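Asks: Sequence and predicted structure are below.
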Amino acid sequence: MASTSVTSPPLAHPVDPPFVAHSAPAQKSRIEAINIFRGLAILEVVMHHTTGMALRFVDPGGLAHFLLAVVNRILHFAVPGFLFMTAVVLTRSALKRFEPKSYYWGRVKKSLMPYLIWTVLYVLFRVWTEQDPRGVLQQPERWQVWLQYGKGYFHLYFLLIALQFYLVLPLVLPLFRRKLNLPLLIAAAFGSQLVVYLLNREGVTNWRFPATMAVWYIPAITLGMYFGAHYSAFENLWRKWRLPLVASAAVGLAWYLPQAYAALVGSRVDNFSYNTAHWVYTTTFALVLFGFAHSFARAPQWFQRPLARLGSVSLQIYLVHPALLFFFEREGLHGEPFSVAVQVLVAFLASLLVPFVFARLLEGKKLSLWLFGR
């Protein structure tokens, strides 16, 4: 049986291409919307992981556990969301100009190398912090699992998913050069996703960790590629259909949340229903979040600028923050519910801002190119 989706996480976006738009203001607005999307999404990632850590320190039967669990499960859309955005950006860039040699070499430098480096760093971190014994460093089979499935640390699998997408994008890119019927494309994407699920459930593919495979996120990737190829179509969609989109995401959440909560507390859930609800909720919410990002791009600078700035270093924050959360978890959360809430907030802010400052200090330096590919 295919496993349920693993925790979020997300974030390996290519270097922002010089988008072509009808006018300079439109181009600027689109780039700002993309960075704001990333900023909103990295806030979600850090809060999702922080609440996940906090759940281990509160009474499983108490109100605090219930509220943390609900927030944690609502914030479970990062992987599809960031894959959607990665598909938007990369498709738009590739359709403008695609040269295979520079494309793949760019992915090696900006994506594969950081993935390998951070896998090694986090394996060493696990040994240093005594999460694993030193002997694991000499076990080739463990290294194979860490690298093959993105298991060097709990969040690294997203970089692996992105790498898989980078490999296959040139193969499907010609399809998105054509004029496509969006409803039919959505139906085909979800239909293909169900076929992939059934093949894995019946043991035809038998993936050990299906949620570390790019084909586990077909709807989000497909819609990202579509709107990357037809960016103005999304802007028109958001202007005319924002309320139905928000309503669809709310319906998806109402379907997904009870099952996600039940799975989190150890109750039995139907695997097919859980995954289907997750695909519907996370894909529709990625569209809604992208729409909010476009609306926020027209907001005052004091509001949009911090989000865009966070988005510009979202990969750096994503890669570094789990190490900080480990130390908060090792110290534990103590006291009454209000005190625990304050400690959760402190952990969240520290895990967000310390990597942000670290990324700013490394901007323009060679070490940043090695660690983050930018």
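Replies: Happy to help now that I have it.

Asks: From now on I want contacts and neighbour counts done on CA atoms only, so please keep to that.
Replies: Will do.

Asks: Would you mind listing the buried residues in stretch 225-235?
Replies: 225, 226, 227, 228, 229, 230, 231, 234, 235 (16 or more other C-alpha atoms under 10 Å).

Asks: separation between the fifth one and residue 86?
Replies: Per C-alpha to C-alpha, to the nearest Å, residue 229 is found 13 Å from residue 86.

Asks: How about the fourth one?
Replies: To residue 86, residue 228 is 9 Å away according to C-alpha to C-alpha.

Asks: try the first one
Replies: According to C-alpha to C-alpha, residue 225 and residue 86 sit 9 Å apart.

Asks: swap in the last one?
Replies: Applying C-alpha to C-alpha, the value for residue 235 to residue 86 is 18 Å.

Asks: what ranges do the helices span in the stretch 1-150 of the chain?
Replies: Using DSSP state H, counting those that start in this stretch, the helices of the stretch 1-150 of the chain run over residues 24-54, 63-74, 78-96, 100-107, 113-128, 140-149.

Asks: With mean pLDDT, mean neighbour count and distance to residue 356 as extra columns, can I get those helices in a markdown table?
Replies: Listed next are the helices of the stretch 1-150 of the chain as a markdown table, based on pLDDT from 0 to 100; neighbours: other C-alpha atoms under 10 Å; distance: least, C-alpha to C-alpha, whole Å:
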| stretch | mean pLDDT | mean neighbour count | distance to residue 356 |
| --- | --- | --- | --- |
| helix 24-54 | 88 | 22 | 11 |
| helix 63-74 | 93 | 19 | 22 |
| helix 78-96 | 92 | 25 | 18 |
| helix 100-107 | 88 | 13 | 24 |
| helix 113-128 | 96 | 18 | 17 |
| helix 140-149 | 94 | 15 | 26 |
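
Asks: In a markdown table: those helices, plus distance to residue 330.
Replies: Converted to a markdown table, the helices of the stretch 1-150 of the chain look like this (distance: least, C-alpha to C-alpha, whole Å):
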| stretch | distance to residue 330 |
| --- | --- |
| helix 24-54 | 10 |
| helix 63-74 | 19 |
| helix 78-96 | 25 |
| helix 100-107 | 36 |
| helix 113-128 | 13 |
| helix 140-149 | 23 |
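
Asks: Compare those helices and give me the one nearest residue 178.
Replies: Closest of those to residue 178 is helix 78-96, at 11.1 Å (criterion: C-alpha to C-alpha).

Asks: May I have the residues that are in contact with the closest residue to residue 32 other than its chain neighbours?
Replies: Distances taken as C-alpha to C-alpha, 6 or more residues apart in numbering place residue 297 nearest to residue 32, at 6.0 Å, with adjacent residues excluded. Residue 297 sits next to 29, 32, 33, 36, 304 when contact means C-alpha atoms under 8 Å, 6 or more residues apart in numbering.

Asks: Out of those residues, which two are the most distant from each other?
Replies: Farthest-apart pair in these is 29 and 304; separation 11.2 Å (C-alpha to C-alpha).

Asks: Common neighbours of the two, please.
Replies: 297, 298.

Asks: what about residue 364, helix or strand, and which?
Replies: Residue 364 belongs to no helix or strand when assigned by DSSP states H and E.

Asks: what separates it from residue 207, distance-wise?
Replies: Distance, residue 364 to residue 207, by C-alpha to C-alpha: 40 Å.

Asks: So if I had to pick from these two, which one is more boxed in?
Replies: The residue with more neighbours, out of residue 364 and residue 207, is residue 207; 16 against 11, by other C-alpha atoms under 10 Å.

Asks: Residue 198 is in contact with the more buried one, correct?
Replies: No - with contact defined as C-alpha atoms under 8 Å, residue 207 does not reach residue 198; the gap is 11.8 Å.

Asks: which ones are touching residue 52?
Replies: Residue 52 neighbours (C-alpha under 8 Å, 6+ apart): 68, 69, 72.

Asks: now, which of those sits nearest residue 334?
Replies: Nearest to residue 334 out of these is residue 68 (C-alpha to C-alpha; 15.4 Å).

Asks: any idea how far that closest one is from residue 246?
Replies: According to C-alpha to C-alpha, residue 68 stands 23 Å off from residue 246.

Asks: Repeat that for residue 76.
Replies: Taking C-alpha to C-alpha as the measure, residue 76 falls 17 Å from residue 246.

Asks: ok, the two, which is more surrounded?
Replies: A direct count of neighbours by other C-alpha under 10 Å for residue 76 and residue 246 places residue 76 higher, at 24 against 18.

Asks: from memory that one sits against residue 49, does it?
Replies: No - with contact defined as C-alpha under 8 Å, residue 76 does not reach residue 49; the gap is 9.8 Å.

Asks: in the stretch 151-300 of the chain, which ranges drop under the pLDDT threshold?
Replies: The stretch 151-300 of the chain contains no residues with pLDDT under 70.

Asks: Surely residue 312 touches residue 37?
Replies: No - taking contacts as C-alpha under 8 Å, residue 312 lies outside contact range of residue 37: 10.0 Å.

Asks: for the closest residue to residue 70 other than its chain neighbours, what are its contacts?
Replies: Leaving aside its chain neighbours, residue 70 sits nearest to residue 261 (6.7 Å; criterion: C-alpha to C-alpha, 6+ apart). Shown in contact with residue 261 (C-alpha under 8 Å, 6+ apart): 69, 70, 73.
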